[in-house]
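Engineer: kindly generate the corresponding structure for this input.
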Amino acid sequence: MRFSRLFILCLLPMSLAVQIPAFPATSPPASHSVQTSQLSARSRIVYVSDFELDAENMQTEQGPGSGSGPLGRPRMIQGPLAKRKSEDPAAQAQKLVDEMTQDLLGDLQKAGFTAHRLMPGESRPAEGLWLHGVFTEVDEGNRVRRAVIGFGSGAATMNLYVSLTDLSKPGQSLYEIDTKDSSGKKPGAAITMNPYAAAAKLVMEKDATEKVVKKTARQIVDDLVKKLNSEAATSSR
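Structural biologist: Just a heads-up that it's a prediction; the model follows:
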C-alpha cells in the first residue's frame with residue numbers, strides 16, 4: 001500500500017511558524033515560557049468535521065482484462081481489503097470517513113486537546129479551531145474534482161487537503177465549486193482549491209486499509225501539534 005505526503009509549510013488564516021525557537025536549557029524563564037505556551041495551545045477546543053468524499057453507484061466489472069475470473073465470473077477478492085471492497089461505494093466512503101474522523105479525535109485527545117466531532121449540518125461554534133478537509137482527484141481534463149469512491153470511478157489514489165481554521169476569525173474556504181464545469185454527468189463536483197487555505201496535502205489509496213487511515217490521521221495531528229506549539233511559543237516571547 002502506497003502512502004506519501006507533502007506538507008505545505010503554511011497554515012492560514014493562522015500564520016504558524018515551522019520550528020519551535022531554541023531556548024537555552026539553563027534558562028528557567030524561557031523553559032517555563034515554552035511549557036506555558038504549549039498548555040495555552042492545548043486549551044483551545046478542536047472541532048473535527050468529516051472529510052468530504054463522494055461515492056458513485058456500484059458497477060460490476062466482468063470479462064477478460066477487467067478484473068474478472070474464469071468464464072467471465074467476477075474475481076473473488078482475497079486478503080484484508082476483501083471486506084471493504086465488497087461494500088457498496090457509499091458505505092465504503094462513509095466507513096473511510098468515519099475511521100479518519102475517529103482516529104483524528106483519538107489522536108487529538110491523546111495530544112492533550114479537547115476534541116469534538118461536528119456532525120454534517122451542525123453549526124460551527126464561534127470560537128475554537130476547526131479541522132476539516134476534502135479528498136480530491138484529477139480527471140482526464142486535468143480538472144480537480146472531489147474524489148469519488150466506486151468501481152470505474154477513476155484513479156486508484158486520491159489527494160487529501162487538510163485545513164485548520166480559527167473560528168474566531170474570518171476564514172477562507174478550502175475550495176470553491178467550479179460553476180463553469182460542463183461535465184454534469186460525471187460523479188464528483190469540479191472544484192477550485194484555495195492554495196492559501198490548506199495546511200497539508202497528502203496522498204492516499206482509495207482502498208486504504210484501517211492501518212493506513214490511522215497512520216494518516218496520526219501524521220495530520222502530529223504536524224498540527226508541532227505548528228500550534230510553535231505558534232504559541234513564538235507569540236509568548
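Engineer: who are the packing partners of the helix or strand hosting residue 165?
Structural biologist: Assigned by DSSP states H and E, residue 165 belongs to strand 157-166. Contact here means 3 or more CB pairs under 8 Å, 6 or more residues apart in numbering; DSSP states H and E; on that basis strand 157-166 packs against strand 129-138, strand 200-205, helix 210-235. Every C-beta, even on glycine, is put in place using the N, C-alpha and C of the backbone.
Engineer: nearest to residue 160, out of the ones you listed?
Structural biologist: With CB to CB as the criterion, residue 160 lies closest to strand 200-205 of those, at 4.6 Å.
Engineer: report how many residues lie close to the nearest residue to residue 194 once chain neighbours are set aside.
Structural biologist: Excluding the flanking residues, the one nearest residue 194 by CB to CB, 6 or more residues apart in numbering is residue 172, at 5.5 Å. Around residue 172 there are 14 other residues, counting by other CB atoms under 10 Å.
Engineer: determine the three-state secondary structure at residue 172.
Structural biologist: Residue 172 falls in the coil class when you classify it by DSSP: H, G, I helix; E, B strand; the rest coil.
Engineer: now the helices: where do they sit in the protein?
Structural biologist: 28-42, 82-86, 89-110, 210-235 (DSSP state H).
Engineer: let me have those in a markdown table, extended by mean pLDDT, distance to residue 117 and mean neighbour count.
Structural biologist: Formatted as a markdown table, the helices of the chain follow (pLDDT from 0 to 100; distance: least, CB to CB, whole Å; neighbours: other CB atoms under 10 Å):
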| stretch | mean pLDDT | distance to residue 117 | mean neighbour count |
| --- | --- | --- | --- |
| helix 28-42 | 49 | 18 | 15 |
| helix 82-86 | 50 | 22 | 13 |
| helix 89-110 | 96 | 6 | 18 |
| helix 210-235 | 88 | 13 | 19 |
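Engineer: ok, which of these comes nearest residue 204?
Structural biologist: That would be, of the helices of the chain and by CB to CB, helix 210-235, which comes in at 6.1 Å.
Engineer: give me the helices and strands touching the closest one, please.
Structural biologist: Packing contacts for helix 210-235, counted by 3+ CB pairs under 8 Å, 6+ apart, involve helix 28-42, helix 89-110, strand 157-166, strand 200-205.
Engineer: what's the angle between the second one and strand 129-138?
Structural biologist: For helix 89-110 against strand 129-138, the angle by axes from the mean of the first three to the mean of the last three CA atoms, to 10 degrees is 140 degrees.
Engineer: neighbouring contacts of the strand holding residue 165?
Structural biologist: Strand 157-166 is contacted from outside by 2, 11, 13-14, 51, 129-137, 147, 171, 174-175, 193, 197-206, 216, 220, 224, using CB atoms under 8 Å, 6 or more residues apart in numbering.
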